[in-house]
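Asks: structure for this input, please:
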Amino acid sequence: MSFYRSKEMEFYHLVIPRESAWKVVNSLGFLDMIHFVDHDPGQPQINRPFSNYIKRCEEVLQKIKNIQDEMRLRKIPIKMCPDVKELLSSYGNINHQYFEELEHSIIQSANDLSQQQKSLKVSQDKLNLIIENIEVLKQANSLQQEERDFEESQLIPMKFLQIVGVILKEDELRFKRIIFRVTKGSCLINTVDIEHKFPTGQKVVFNIILREGTFVNEKITKIIDSFQATKFELPKGAVAYEQREQNLKQELVETQNLIEMTITQINIQLQGFSAVHKNCSQIEEIRIYVEKERYLYQTLNMLKMTSAVFSGQLWIPKVYFKFVEQTMRQLSNIDEQIPVGQLQQANTKENPPTYFKLNDFTAPFQEIVNTYGIPRYREINPALSTLITFPFLFGVMFADIGHGFLLFAFGIFICSQDLFNSSFKPFYQVRYMFLLMGFFAFYNGFIYNDYLSLTLNLFGSCYSLNNNEFERAEDCNYPFGLDPVWGVSANHIAFTNSYKMKLAVIIGVIHMTFGIILKGFNAIHSSNTLDFIFEFIPQFLFLLCTFGYMDVLIIMKWMTDFEDTSLAPSIITTMIDMILNPFATPEQPLFANAEDQLKTSQILLLIALICVPTMLVFKPLIINSSNKKKQEIQHHILEQKQSEENFEDIRSPSVNVHENSHHEEFGDLVVHQVIETIEFVLGSVSNTASYLRLWALSLAHSQLAEVFFHMTISDGIDDGGLLGAFGAIAFYPMFACSTFGVLMCMDLMECFLHALRLQWVEFQNKFYKADGYLFIPFSYQKIQSNEDAFDVDDTKSSNE
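Replies: Numbering: from 1, shown residues only. The predicted structure follows:
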């Protein structure tokens with residue numbers, strides 16, 4: 001099963017003649033089966049052979065983006081391609097020269113469009129200027145006539161200066177204040193709004209009348225320039241006014257016609273890009289092809305180029321090699337004159353990449369695991385168990401019949417709907433995770449018998465009320481979950497806390513034990529006898545002999561019917577006495593015989609104590625001995641070579657260097673093993689305690705639900721009648737909002753994060769190395785049919 005362990009990989013050398021490199025690599029891109037290895041990761045991209053082609057592709061993509069932005073601005077539709085590989089396959093047997101044709105066409109179209117946009121901008125600016133000038137003439141003509149009448153009525157002739165122009169409406173008040181201060185109030189300022197809407201905002205015509213003076217005139221001119229306002233010169237006389245007005249109206253009509261013609265030409269050109277050819281718009285088709293060319297040249301840059309050939313290294317899943325071989329054979333049959341190169345299997349010391357075949361259901365759970373670290377090649381994939389354990393742990397903390405059902409219903413909704421064009425699109429990739437999380441929260445809600453802080457009597461209680469005391473019927477067991485009578489008992493919180501706490505410990509020990517078992521499977525698969533004997537077995541025994549024994553005591557205590565519960569032994573006290581007082585006979589045994597319990601505890605404690613030095617000592621000693629033997633063999637071979645070559649001085653200082661490095665290596669082994677042993681022993685305690693968060697968050701969830709219920713609609717329901725109904729209805733919105741905001745959103749996120757913690761730290765650290773790297777296939781499927789930028793390093797598609 002490929003999801004249990006990553007697919008087996010094979011390492012190959014690829015040699016391609018230079019003249020057929022583009023064609024071969026282009027065909028391999030449709031397979032999604034090859035991971036190319038960069039021949040020199042440290043080499044800058046600019047020094048690689050196809051850096052110029054990549055730069056050209058990026059320039060063309062930028063021009064395509066500009067065209068698409070203009071199409072969106074003008075609301076011209078762009079149809080996306082539903083299947084990128086199908087589109088690229090439809091090009092047939094084209095060669096790399098087709099890109100040069102597209103490049104020339106796009107550059108020419110982009111330049112034409114840019115020129116038309118510049119012409120349109122100039123025409124629009126000219127139109128706005130003409131409209132401003134016409135408005136100024138309208139307002140200034142009447143004011144100028146009043147000014148002439150005023151001058152003629154004066155006994156002493158006075159000359160006035162009129163300054164007119166246009167300024168933004170938002171600057172009007174500030175402009176008036178500055179002019180008033182500069183002229184010291186000796187001017188008349190009049191402003192009139194312009195009804196026409198300008199791109200920069202609403203504008204007004206200003207008209208300033210003041211006495212002639214060169215100094216003041218220069219100041220006002222500078223102020224107008226600082227506000228970036230437009231100043232106009234007025235014609236002299238009525239005839240000049242009429243002539244100017246006629247000329248402006250004629251220019252206005254001509255400019256409007258020119259703008260309409262330019263917009264029409266731009267729309268015609270963009271409509272051509274919007275035309276659908278191969279199930280998508282032409283501009284999108286061109287963009288995808290150019291993206292493909294850029295991706296292809298980036299892959300070719302990973303190969304090593306010599307004078308006549310390209311050589312490279314690649315990983316291929318073992319089960320897919322026949323498809324790669326078949327593709328190269330088909331290429332040679334299509335054109336026998338062009339050699340397609342050779343693909344030869346080779347040996348390497350490099351670790352293979354990790355590849356899992358994922359689907360919509362498994363992908364989000366694999367992403368949870370990958371966030372912690374990529375699985376090592378052929379290591380057991382934690383995501384397989386995460387499919388169930390992660391939503392189950394979440395469900396234990398979020399356990400509530402009502403809240404779980406809401407989450408489960410939401411999961412069903414997003415799984416059954418097309419979310420691409422809805423507001424729920426962000427939930428699309430995790431829809432199955434939400435479904436499972438809701439199911440297990442709903443299921444564990446029945447286990448705890450908790451419905452919005454209330455208990456449900458679904459199967460009939462085993463207890464009956466007699467003289468204000470509950471009496472349990474003989475041989476009666478509640479079929480599923482907790483008996484509803486505990487919800488109304490006086491020790492409800494004490495009982496449920498004890499139950500949830502012990503259940504959390506049992507779940508935690510089972511979860512960690514499963515992780516250790518997976519470690520054993522990894523050791524068997526890799527034929528690592530040392531890890532199996534001196535790590536898996538002692539760790540497995542240590543956990544079972546300590547916390548596994550504690551789980552057994554918990555279950556035995558649950559199954560024992562104590563007539564007087566005060567005589568029931570404390571599990572914590574029993575475990576403490578097992579370590580601190582191992583020879584004392586338990587006063588309150590859980591076993592039928594106290595001596596049997598004592599012997600069992602002593603045997604288990606002895607096994608646990610033996611496991612600690614077993615983990616600590618043997619592995620570094622055996623590895624050290626093995627290293628010494630390997631070193632002696634290497635030295636013996638080296639001495640033989642030296643004697644054969646007639647070297648006189650066989651005493652080489654390198655022998656001492658090797659011995660020193662050997663001692664340092666042994667010290668590293670000891671330190672590493674000490675850390676591993678201490679981490680496991682102490683971690684067994686801390687990790688078990690960490691699983692108590694299952695109890696703590698479940699308690700917090702139920703208590704919050706109870707608070708919201710009693711603070712809102714509980715009193716109305718208890719009162720009953722018409723008044724109680726109105727009270728419950730009035731407070732229901734508060735109950736619904738608090739439940740949704742705090743429990744369905746905040747608490748959901750909190751339980752999700754704590755489940756992540758248990759998955760990553762408490763479970764995966766028992767066996768998971770997480771030092772692998774992803775198999776990133778050379779695949780045209782990574783070219784998405786949208787406006788987002790393409791990223792070659794997109795690792796998500798490697799698992800598709």
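
Asks: where does the stretch 201-350 of the chain dip in pLDDT?
Replies: Filtered on pLDDT under 70, the stretch 201-350 of the chain yields the residue ranges 213-214, 335-337.

Asks: output the lowest mean pLDDT helix or strand found in the chain.
Replies: helix 653-690 (a mean of 76; mean pLDDT, DSSP states H and E).

Asks: does the residue nearest the centre of the chain count as helix, strand or coil?
Replies: With distances taken as Cα atoms, centre = their mean, E367 lies nearest the centre of the chain, 8.8 Å away. Three-state assignment for E367 (DSSP: H, G, I helix; E, B strand; the rest coil): helix.

Asks: quick one: pLDDT of it?
Replies: What the model reports as pLDDT for E367 is 95.

Asks: any idea how many residues pack against R287?
Replies: 26 (other Cβ atoms under 10 Å). No exception for glycine: its C-beta is placed from N, CA and C like everyone else's.

Asks: contacts only, for the residue lying closest to S89 once chain neighbours are set aside.
Replies: Once flanking residues are discounted, S89 sits nearest to F30: 6.6 Å by Cβ to Cβ, 6 or more residues apart in numbering. Counting by Cβ atoms under 8 Å, 6 or more residues apart in numbering, F30 makes contact with 85, 88-89, 780.

Asks: can you rerun that using 10 Å?
Replies: Listed by Cβ atoms under 10 Å, 6 or more residues apart in numbering, the contact set of F30 reads 85, 88-89, 327, 778-781.

Asks: what of V319?
Replies: With the criterion set at Cβ under 10 Å, 6+ apart, V319 makes contact with 2, 7-8, 10, 33, 357.

Asks: can you list the buried residues in stretch 585-597?
Replies: Neighbour counts over stretch 585-597 (16 or more other Cβ atoms under 10 Å) mark 586, 589-590, 597 as buried.

Asks: got the CA positions of it in CSV?
Replies: Taking Å, rounded to 0.1, in the frame of the first residue of the first chain, the C-alpha atoms of stretch 585-597 are listed here in CSV:
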residue,chain,number,x,y,z
THR,A,585,2.0,-5.3,50.8
PRO,A,586,-0.9,-3.1,49.6
GLU,A,587,-3.5,-2.4,52.2
GLN,A,588,-6.3,-2.0,49.7
PRO,A,589,-5.4,-4.3,46.8
LEU,A,590,-7.3,-4.5,43.5
PHE,A,591,-6.2,-8.1,43.0
ALA,A,592,-8.1,-10.8,44.8
ASN,A,593,-4.8,-11.6,46.6
ALA,A,594,-2.7,-8.8,47.9
GLU,A,595,0.5,-10.9,47.6
ASP,A,596,-0.2,-11.6,44.0
GLN,A,597,-0.5,-7.8,43.4
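
Asks: which residues are contacting it?
Replies: The contact list for stretch 585-597, computed with Cβ under 10 Å, 6+ apart, reads 552-557, 559-560, 562, 567-571, 573-574, 577-578, 598-601.

Asks: again, 6 Å this time
Replies: Contacts with stretch 585-597, where a contact means Cβ atoms under 6 Å, 6 or more residues apart in numbering, come from 553, 556, 569, 598.

Asks: just the buried members of these?
Replies: Using 16+ other Cβ under 10 Å, the buried ones in the contacts of stretch 585-597 are 553, 569, 598.

Asks: tell me which of those fall in helices.
Replies: 553, 598 (DSSP state H).

Asks: sort the buried ones among the contacts of stretch 585-597 by pLDDT and name the bottom one.
Replies: P569 (88).

Asks: find the nearest non-adjacent residue to that residue, please.
Replies: P569 sits nearest to Q588 (Cβ to Cβ, 6+ apart), 3.7 Å away.

Asks: so how far is E10 from the residue nearest to S89?
Replies: In this view, F30 and E10 are 20 Å apart by Cβ to Cβ, to the nearest Å.

Asks: what number of residues lie near M328?
Replies: The burial count for M328: 18, using other Cβ under 10 Å.

Asks: what sits closest to it if chain neighbours are left out?
Replies: Using Cβ to Cβ, 6+ apart, the closest residue to M328 is V340 (5.2 Å).

Asks: could you list every residue that touches the one you found?
Replies: Per Cβ under 6 Å, 6+ apart, neighbours of V340: 20, 24, 328, 331-332.

Asks: okay, those residues in a markdown table with secondary structure and distance to V430 next?
Replies: Shown next, in a markdown table, are the contacts of V340 (DSSP: H, G, I helix; E, B strand; the rest coil; distance: Cβ to Cβ, whole Å):
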| residue | secondary structure | distance to V430 |
| --- | --- | --- |
| S20 | helix | 44 |
| V24 | helix | 39 |
| M328 | helix | 39 |
| L331 | helix | 41 |
| S332 | helix | 45 |
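
Asks: ok, and the most crowded of the residues you listed?
Replies: V24 (22 neighbours).

Asks: isn't that residue right up against P17?
Replies: No. Look at V24 against P17 with Cβ atoms under 6 Å: they stay out of range, at 8.7 Å.

Asks: does F356 count as helix, strand or coil?
Replies: coil.

Asks: so which helix or strand takes in the nearest residue to R56 once chain neighbours are set aside?
Replies: Excluding its sequence neighbours, the residue lying closest to R56 (Cβ to Cβ, 6+ apart) is E103, at 6.4 Å. Secondary structure from DSSP states H and E places E103 in helix 97-152.

Asks: what of L210?
Replies: strand 203-211.

Asks: show me the shaky parts of the stretch 451-600 of the chain.
Replies: Checking the stretch 451-600 of the chain against pLDDT under 70 turns up nothing.

Asks: and the stretch 51-200 of the chain, by the same measure?
Replies: 141-159.

Asks: helix/strand/coil for the residue nearest to S89?
Replies: Per three-state DSSP, F30 ends up coil.

Asks: do the same with the one 10 residues further on
Replies: Using three-state DSSP as the criterion, the local structure at D40 reads coil.

Asks: which non-adjacent residue is nearest it?
Replies: D40 sits nearest to K304 (Cβ to Cβ, 6+ apart), 7.6 Å away.

Asks: the one you found and V25, how far apart?
Replies: Using Cβ to Cβ, which is the criterion applied here, K304 is 14 Å from V25.

Asks: which one of the two has more residues nearby?
Replies: For K304 versus V25, the count of surrounding residues by other Cβ under 10 Å is larger for V25: 22 against 14.

Asks: quick check: phi and psi on that one?
Replies: V25 adopts backbone torsions of phi -60, psi -40, taken as degrees, to the nearest 10.

Asks: can you check V430 too?
Replies: Torsion angles, degrees, to the nearest 10, at V430: phi -110, psi 20.

Asks: got the contact list for it?
Replies: P364.

Asks: got it, and L482?
Replies: Counted by Cβ under 6 Å, 6+ apart, L482 has contacts N449.

Asks: helix/strand/coil for it?
Replies: coil.

Asks: A770 now?
Replies: A770 ends up coil, using three-state DSSP.

Asks: buried subset of the contacts of V319?
Replies: 7, 33.

Asks: quick check, I189 in a helix?
Replies: No. Assessed with three-state DSSP, I189 is strand; it does not lie in a helix.

Asks: hmm, it is touching K176, no?
Replies: Yes. Assessed by Cβ under 6 Å, I189 is found in contact with K176 at 5.4 Å.
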